[in-house]
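In: Just need the structure, nothing else, for what follows:
(chains A and B)
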There are 2 protein chains.
Amino acid sequence: MTTEQLIIAVGVILLVARVFGWLFRHIGQPPVMGEITAGIILGPSFLGRFFPSAFVWIFPPSSLPTLNSLSQLGLLLFLFTVGLQVDLRHIFKQRAAVILVSNVSILLPLGLGLGLAKFLYPEYGGPNMAFSAFSLFMGTAMSITAFPVLARILKECNLLETELGALAISCAAIDDVSAWLLLAVLTAVARSSHDWGHVAEILFGLAIFVAVMLVPVRRAAGYFAGFYQKYGLGMGLFSALILMMLASAWTTEKLGLHALFGAFMAGLAVPKNPKLISEAVEKIESLALALLLPLFFALTGLRTRIDLLAGERAWIYTAAIIAVAIVGKFAGATLASRATGTPWKDSAALGVLMNTRGLVELVVLNVGLELGILSPQLFTMMVIMALVTTFMAAPVLRKMKITAQPPVQEAASGT
Amino acid sequence: MTTEQLIIAVGVILLVARVFGWLFRHIGQPPVMGEITAGIILGPSFLGRFFPSAFVWIFPPSSLPTLNSLSQLGLLLFLFTVGLQVDLRHIFKQRAAVILVSNVSILLPLGLGLGLAKFLYPEYGGPNMAFSAFSLFMGTAMSITAFPVLARILKECNLLETELGALAISCAAIDDVSAWLLLAVLTAVARSSHDWGHVAEILFGLAIFVAVMLVPVRRAAGYFAGFYQKYGLGMGLFSALILMMLASAWTTEKLGLHALFGAFMAGLAVPKNPKLISEAVEKIESLALALLLPLFFALTGLRTRIDLLAGERAWIYTAAIIAVAIVGKFAGATLASRATGTPWKDSAALGVLMNTRGLVELVVLNVGLELGILSPQLFTMMVIMALVTTFMAAPVLRKMKITAQPPVQEAASGT
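Out: Residues are numbered from 1 along each chain as shown, chains lettered A, B, ... in the order given. Predicted structure coming up:
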């Protein structure tokens, strides 16, 4: 990829992402939804279909490997910031409601996803992919709640300080940890195609890895907090954090898990000094999320082939997937929440909030596509499902009078 | 390049760069010198020679194009921050001393470089490269002063507020602008191989481009300062700055100049609101300079083949290049400064300071190598020259009792 191609691709993607982010904020959606939409617009579904020469100018096939590496780097950094922002101590201390809601809101969609997989597998499963991996993937994909998008929506709607907000964010954090654990298991299953001895080995490695990260590494990383209090977040400490993330990502990759899981776990292991966390997140966000993450959306857009969804049948499946996804999450979260005594209205709002799958769902879907678990058609259907379920949160909450009018302001990107 | 290769390359480069940066700070050198040295250590001169299997593990040939694109992105961002930090108004208002010193300290080494080129051309000129381009390149390479490294040295030695420091930084800023102009001309000459009509066309384009950037674009960019005062540096404004840089880089590339020149000019055109500048630089530095710039040093190291300098003859040439580089800059700056009435001691110190070529020299050398102007041997000699001339500043200034002991502290990278 020449420097000129690099400039064009990065520049166009950044420009379109920002314009759509701005537009979406003005219609009361988190900007990240605009950035994701921008990626799909730039893909074969729209730009490639109606302006093929512009499409080839922006994305010459020779430049895709490099763009992919850049977006991988962005994703690793992003998952690290997600892990940084999850505080396990809060989760461990949570009351029964959180435990129940999060468990049910994972298990119900997971179960529904496993069931749905039965119908989808013959037509949309990846070639040579075992049903076990496929169904586990569908279950995982259904049970995702995107912690970062949810946090941003709650913040932008001034719900973060309310009881509903606190409940939602804790549940989403648990869901997030569970989703990445499931993804790790899934990668192990998909990569070792039916060699269950090998899967067991990888799962054993996973258990050891999580234990090592959460106890000795987390304790050793406590030194970072002390160093931070003395010297602030200079180049040395910042580099140490990034290196810790890369080392963890490399370890998970070597264990047969997924590098993104390692990046997330590294973030989890960093001591939760609020100032250290917010400074580190800001340092990473400014460039990685502004510049590299839109590349990931664009590459997701390149893989989203709405033109492949020809025929009524495909659209019926898409509708079924969306329905199952919404019902599973909504029913799971709402009923469990109501069962612990939360009023119906707040319980329902929680159900809507937990449905935001956003960016995390896209990451999981891309992993599934790369591992050959699902076909490009099913990938596209699932991307549409991720968009719809995330899209509906803000307007539905407004309709329910949970939130006021959409805030319009110059804000950081809603990742 | 797989995700695993990406993690290994980025992680190893970052680790070694930071360790050497830390070591160098402890011997009184700016950390950036350590990072550059780390790049050479990781290259074929050391790691490739003594640990070939580790070398191939870190830099498999298939991953070089991607690493190159990543480092290009880092360089564009870096040149943008350099331009951001140069305030043309200061330069225009400077007194005679600055004008005289900067002009002489460019023209003398430029002339000496042109002379030296005569001897080097038969043996070390790139194949099919005209003498005109080669000699212009040698002159440019000799006349470089690295504004960012100089600024960092002055700051770390507490000289920035002194008269000497102010003089040095203003001269370096002019030298920097001149160097990038020369590089633009040079690229035009080298790319259009002897078609002087084409060169004239490109130079005409250059003149128009500079005029447009410095008057209408600079005035339009004044809007950024107003926007900043109202809303701060949010995602929107930050993206607009990056987009402006990419657009400018693309324009220069299209004009037959060099993309890096465009990135620098874009920085120059941004209004010099001190808070806006420092915030923007910090946002870019944290990740781009910490993560991407070491990749550039590593790639420079990959091209630095000390093993090619076999035989006495090559080392004699290297010594001659170093001598000419030091004498040209030192004599030019010192004599011109003395002529304007500065005491001898300060004049000599200025001569030493103006000799820091550092990172900017490496950028110019890499451009020369990519354009095929110079051979890998001469490239290696020039890299050694850049290291020696930058290396000597701190200890010589201490010997001259211009500065106190080296400050040892947790500081940002000295780029």
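
In: My understanding was that residue A:272 contacts residue A:87; is that so?
Out: Yes - at 4.7 Å, residue A:272 and residue A:87 qualify as touching, with contact defined as Cβ atoms under 8 Å. Backbone N, C-alpha and C define where each C-beta goes, glycine included.

In: Following the helix or strand of chain A with the lowest mean pLDDT in sequence, what is the next regular element?
Out: The helix or strand of chain A with the lowest confidence, counting by mean pLDDT, DSSP states H and E, is helix A:88-93 at a mean of 68. Sequence-wise, the next helix or strand beyond helix A:88-93 is helix A:96-124, with elements assigned using DSSP states H and E.

In: For the stretch 1-150 of chain A, give me the ranges with low pLDDT.
Out: A:90-95 (pLDDT under 70).

In: How about it: which residue is closest to chain B?
Out: Distances between the stretch 1-150 of chain A and chain B by Cβ to the nearest Cβ are smallest at residue A:11, namely 3.9 Å.

In: who in the stretch 151-300 of chain A is up against chain B?
Out: A:231-232, A:234-240, A:242-243, A:246-247, A:249-250, A:253-254, A:259, A:283-284, A:286-288, A:290-291 (Cβ under 8 Å from any Cβ of the partner chain).

In: Write the ChimeraX selection for whichever of the residues you listed are buried.
Out: The buried residues among these can be selected in ChimeraX (16 or more other Cβ atoms under 10 Å in any protein chain shown) with this line:
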select /A:235,236,237,238,239,240,242,243,246,249,250,253,259,283,284,286,287,288,290,291
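
In: List phi and psi for the closest residue to chain B within the stretch 101-250 of chain A.
Out: Residue of the stretch 101-250 of chain A nearest chain B, by Cβ to the nearest Cβ: residue A:246 (3.9 Å). Backbone geometry at residue A:246, expressed as degrees, to the nearest 10, gives phi -60, psi -40.

In: which residues in the stretch 201-350 of chain A form strands?
Out: Taking DSSP state E, counting those that start in this stretch as the criterion, the stretch 201-350 of chain A carries no strands.

In: Please tell me how far the most centrally placed residue in chain A sits from chain B.
Out: Central residue of chain A (Cα atoms, centre = their mean): residue A:360, 0.7 Å from the mean position. The span separating residue A:360 from chain B equals 18 Å under the rule Cβ to the nearest Cβ, to the nearest Å.

In: Tell me where the stretch 251-400 of chain A has helices.
Out: Assigned by DSSP state H, counting those that start in this stretch, the helices in the stretch 251-400 of chain A fall at A:259-269, A:274-284, A:293-303, A:312-339, A:344-353, A:358-370, A:376-391, A:393-399.

In: Show me what the longest one is packed against.
Out: Counting by 3 or more Cβ pairs under 8 Å, 6 or more residues apart in numbering or on different chains; DSSP states H and E, the packing neighbours recorded for helix A:312-339 are helix A:96-124, helix A:131-142, helix A:344-353, helix A:376-391.

In: burial count for residue A:305?
Out: Number of residues near residue A:305 (other Cβ atoms under 10 Å in any protein chain shown) recorded here: 18.

In: For it, list the residues it contacts.
Out: A:43, A:44, A:45, A:376, A:377, A:380 (Cβ atoms under 8 Å, 6 or more residues apart in numbering or on different chains).

In: would the third one count as being in a strand?
Out: No - per DSSP: H, G, I helix; E, B strand; the rest coil, residue A:45 lies outside any strand segment and is coil.

In: Not counting sequence-adjacent ones, nearest residue to it?
Out: Sequence neighbours aside, residue A:306 is the residue nearest to residue A:45 in space, at 3.9 Å (criterion: Cβ to Cβ, 6 or more residues apart in numbering or on different chains).

In: Relative to residue B:126, how far out is that neighbour?
Out: According to Cβ to Cβ, to the nearest Å, residue A:306 and residue B:126 sit 50 Å apart.

In: Residue A:260 now?
Out: 44 Å.

In: ok so, going back, wouldn't the residue nearest to the centre of chain A be in contact with residue A:150 here?
Out: No - Residue A:360 lies out of contact with residue A:150 (Cβ under 8 Å); the separation is 9.5 Å.

In: Check the offset of stretch A:111-125 from the chain's centre.
Out: The chain centroid and the centroid of stretch A:111-125 are separated by 21 Å, computed with Cα atoms, centre = their mean, to the nearest Å.

In: What residues does the closest residue to residue A:134 other than its chain neighbours make contact with?
Out: Of all residues beyond its chain neighbours, the one nearest residue A:134 is residue A:125 (4.7 Å), with distances taken as Cβ to Cβ, 6+ apart. Remark: with contacts taken as Cβ under 8 Å, 6+ apart, residue A:125 is in contact with A:131, A:134, A:373, A:374, A:375, A:378.

In: Which residue is the nearest non-sequential neighbour of the first one?
Out: Nearest residue to residue A:131 in three dimensions, chain neighbours excluded: residue A:121, at 5.6 Å (Cβ to Cβ, 6+ apart).

In: wait, doesn't that neighbour sit right on residue A:134?
Out: Yes - with contacts counted by Cβ under 8 Å, residue A:121 reaches residue A:134, the gap being 5.4 Å.

In: of the two, who's got more company?
Out: For residue A:121 and residue A:134, the more surrounded residue by other Cβ under 10 Å is residue A:134, and the numbers stand at 25 against 18.

In: check contacts around the more buried one.
Out: Residues in contact with residue A:134, defined by Cβ under 8 Å, 6+ apart, are A:117, A:120, A:121, A:125, A:126, A:373, A:374.
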